[in-house]
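# okay, structure incoming, though there's no sequence with it:
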């Protein structure tokens with residue numbers, strides 16, 4: 001088994017770099033692994049694309065952003081069907097590992113790279129009107145959810161779930177302006193003011209918000225959570241309920257499942273993909289197409 005681990009040393013606010021020697025040592029017990037360490041944003045994607053032909057497993061050691069980059073590299077290489085994806089969850093959120101049921105210790109995760117079985121899982125693609133396209137492993141946030149992700153970039157000295165909670169409260173105070181959007185969910189069309197649209201391959205985002213709690217990783221469908229504009233009190237109630245996935249019964253929330261989603265907005269949209277910013281407001285993205293790729297990747301599980 002030829003295994004290469006791509007480590008993001010800055011994951012979990014720099015704590016991941018302390019795991020490098022341990023990961024190599026744990027791999028030695030199973031025959032050895034190679035390691036590459038990223039040195040800049042986007043480097044994990046480039047490395048995964050370059051190395052896919054030489055390995056049976058390419059593993060992401062980091063958080064959801066690192067997993068996203070490695071997945072994009074595998075898809076770009078054209079070898080996602082034969083080179084399997086591995087995951088060592090040492091980030092601050094680890095939502096993708098949670099959704100896969102692989103939120104183990106780093107040592108157990110390394111063992112799984114060698115002893116696990118490849119599991120086919122769905123992925124999604126997002127494309128904007130400027131021709132930018134990205135593969136998504138766990139979830140997409142459009143509107144308020146993405147504004148929270150942008151706000152979290154401004155927060156220092158707080159990590160993990162507490163970071164997202166603080167960013168959520170700050171975004172609420174800054175009066176996020178909900179756009180008017182026209183959606184097409186497969187054959188169904190709707191138009192409305194939109195606080196947020198969450199699109200989930202997996203169940204959880206933000207380290208603890210279950211926006212699409214019923215999502216299944218291999219059902220060939222994308223779960224959606226569409227929320228109407230609401231006042232601050234109602235927003236706070238929905239945020240608290242989303243921590244347990246109980247927002248789904250609110251009259252302000254519409255849950256659904258689709259294979260293909262298109263949307264057009266009257267103003268620029270903030271967008272995140274797997275917790276990383278896909279579009280800031282200044283990118284002027286107003287049109288999107290989101291599609292599922294059933295069994296688009298094989299994960300060592």
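Nice, thanks for sending it over. Keep in mind that what you see is a predicted model, and the values were worked out from it rather than measured.
# which stretches of this structure form helices?
Taking DSSP state H as the test, the helices found in the chain are 20-28, 43-51, 64-77, 95-100, 106-115, 144-152, 160-173, 232-242.
# which of these sits closest to residue 290?
The minimum distance between residue 290 and those falls on helix 144-152, with 13.4 Å, by CB to CB. C-beta: built from backbone N, CA, C; applies to glycine.
# what's the burial count for the closest residue to residue 42 other than its chain neighbours?
Take residue 42 and drop its neighbours on the chain: the residue closest to it by CB to CB, 6 or more residues apart in numbering is residue 69, 6.7 Å away. Burial of residue 69 is recorded as 28 neighbouring residues (other CB atoms under 10 Å).
# ok, of the helices of the chain, where does mean pLDDT dip lowest?
Least confidently modelled of the helices of the chain is helix 160-173, at a mean of 78 by mean pLDDT.
# list the contacts of the nearest residue to residue 241 once chain neighbours are set aside.
Nearest non-adjacent residue to residue 241, counting by CB to CB, 6+ apart: residue 247, 4.2 Å away. By CB atoms under 8 Å, 6 or more residues apart in numbering, the contact set of residue 247 is 211, 225, 227, 238, 241, 253.
# tell me which stretches of the stretch 101-250 of the chain form strands.
With DSSP state E, counting those that start in this stretch as the criterion, the stretch 101-250 of the chain has strands at 118-128, 133-136, 139-143, 180-185, 188-193, 196-200, 222-227.
# that older thread, distance of the residue nearest to residue 241 relative to residue 210?
8 Å (CB to CB, to the nearest Å).
# ditto for residue 291
Distance, residue 291 to residue 210, by CB to CB: 23 Å.
# and residue 154, by the same measure?
25 Å.
# ok, now residue 14?
In terms of CB to CB, residue 14 sits 28 Å off from residue 210.
# more neighbours, these two?
A count of neighbours by other CB under 10 Å puts residue 210 above the other of residue 14 and residue 210, at 24 against 10.
# got the phi/psi numbers for the residue lying closest to the more buried one once chain neighbours are set aside?
Leaving aside its chain neighbours, residue 210 sits nearest to residue 245 (3.5 Å; criterion: CB to CB, 6+ apart). For residue 245, the backbone dihedrals (degrees, to the nearest 10) come out as phi 70, psi 20.
# surely residue 27 and residue 5 touch.
Yes - if you go by CB atoms under 8 Å, residue 27 and residue 5 touch, sitting 7.3 Å apart.
# out of these two, which sits in the busier spot?
Remark: of residue 27 and residue 5, residue 5 carries more neighbours, 27 against 21, as counted by other CB under 10 Å.
# so, low pLDDT: which residues of the stretch 151-300 of the chain?
159-160, 175 (pLDDT under 70).
# returning to what we had before: tell me the spacing between the residue nearest to residue 210 and residue 253.
Distance from residue 245 to residue 253, by CB to CB: 11 Å.
# looking at the two, which is more packed in?
Just comparing residue 245 and residue 253: by other CB under 10 Å the higher neighbour count belongs to residue 253, 20 against 16.
# what's the distance between that one and residue 187?
22 Å.
# pretty sure residue 134 contacts residue 278?
Yes - between residue 134 and residue 278 there is a contact under CB under 8 Å: 6.2 Å.
# list residues touching both of these two?
In contact with both residue 134 and residue 278: residue 126, using CB under 8 Å, 6+ apart.
# chain neighbours aside, what residue packs nearest to residue 257?
Per CB to CB, 6+ apart, closest to residue 257 is residue 221, 4.4 Å.
# residue contacts, that neighbour?
Residues counted as contacts of residue 221 (CB under 8 Å, 6+ apart) are 122, 257-259, 292.
# of these, buried ones?
Using 16 or more other CB atoms under 10 Å as the burial test, the contacts of residue 221 include 122, 257-258, 292 as buried.
# could you export those residues as JSON lines, including distance to residue 140?
Formatted as JSON lines, the buried ones among the contacts of residue 221 follow (distance: CB to CB, whole Å):
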{"residue": "122", "distance to residue 140": "13"}
{"residue": "257", "distance to residue 140": "14"}
{"residue": "258", "distance to residue 140": "12"}
{"residue": "292", "distance to residue 140": "11"}
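# name the nearest of these relative to residue 99.
Of all those, residue 122 has the smallest distance to residue 99: 10.8 Å, by CB to CB.
# for stretch 178-186, which outside residues touch it?
Applying CB under 8 Å, 6+ apart, the contact partners of stretch 178-186 are 143-144, 189-195, 197, 224, 226, 229, 256, 258-267, 269.
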